[in-house]
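Student: Give me coordinates for this.
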Amino acid sequence: MFGDLERSRIISYSAAFIGLIALGSWISLPVGNIPFTLQTLFVLLAGIIMHRYGAIPVLLYCILGVLGLPLFHNGMAGVGVLLGPSGGYLVGFIFAALITGLAYEHESRLIRIGGIALATAVVYLFGVAWLMYSLHLGFIPAITIGVLPFIPGDAIKATAAYLIGQRLP
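Tutor: Coordinates of the predicted model:
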């Protein structure tokens, strides 16, 4: 490992993004069963900065939270959070970081914007699917409580992530 700068970069960025995603989870507004947090911003930024390896800190964030570290929204922890109404969104974060990272391996602005949009849609897909299962909701009620209230904020976070990503090398 000594002298492997790429591995060192991945480890240090992973630690930083675990901390940033956890910090983003504390900045939350309650919206029914699912809180509005800044986690998505940092998940997208992990993909933007680390490319495909951006999924690593998000996966580790979820694992550490399940193991009991108070990393989830408002200091919650444990497998109960993953099995609760917001669990699908947390799992979706892993795939969102991967999709964003793969998109940012291309130079095309259109692919990058499309990757961020697809990543956000994937978070919604996992979140809605889990809401339907965990709360025994139909598709329309799950969309109504699990997507519609979050679209404006997620659009702002996605735009912010894209603009921040343009400023970084």
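Student: Where in the protein is the helix or strand with the lowest mean pLDDT?
Tutor: Ranked by mean pLDDT, DSSP states H and E, the weakest helix or strand in the chain is strand 28-31, scoring a mean of 80.
Student: Could I get the buried residue list for that strand?
Tutor: Ser28 (16 or more other Cβ atoms under 10 Å). C-betas here are computed from N, CA, C, even on glycine.
Student: Sheet-wise, list the partners of the next helix-or-strand element following it with their directions.
Tutor: Remark: after strand 28-31, the chain's next helix or strand is strand 34-37, criterion DSSP states H and E. Strand 34-37 pairs in its sheet with strand 28-31 (antiparallel), by DSSP bridges.
Student: which residues are in contact with the strand it pairs with?
Tutor: Pro35, Phe36, Thr37, Leu38, His73, Asn74, Pro149, Phe150 (Cβ atoms under 8 Å, 6 or more residues apart in numbering).
Student: Same question for stretch 35-46.
Tutor: Here stretch 35-46 has contacts from 13, 17, 20-21, 23-30, 54-55, 57-58, 73-74, 86, 93, 96-97, 100-101, 116, 119-120, 123, 149-150, 153-154, 157-158, 160-161, 164-165, using Cβ under 8 Å, 6+ apart.
Student: And for stretch 116-126?
Tutor: Contacts of stretch 116-126 with the rest of the structure, by Cβ under 8 Å, 6+ apart, involve 40, 43-44, 47, 88-89, 91-93, 95-97, 99-100, 103, 146-147, 150, 154, 158, 161-162.
Student: Where does the prediction get shaky in the protein?
Tutor: 1 (pLDDT under 70).
Student: quick one: buried residues of the lengthiest helix in it?
Tutor: For the chain, the helix with the greatest residue count under DSSP state H is helix 109-134. Residues of helix 109-134 classed as buried by neighbour count (16+ other Cβ under 10 Å): 112, 115-120, 122-132, 134.
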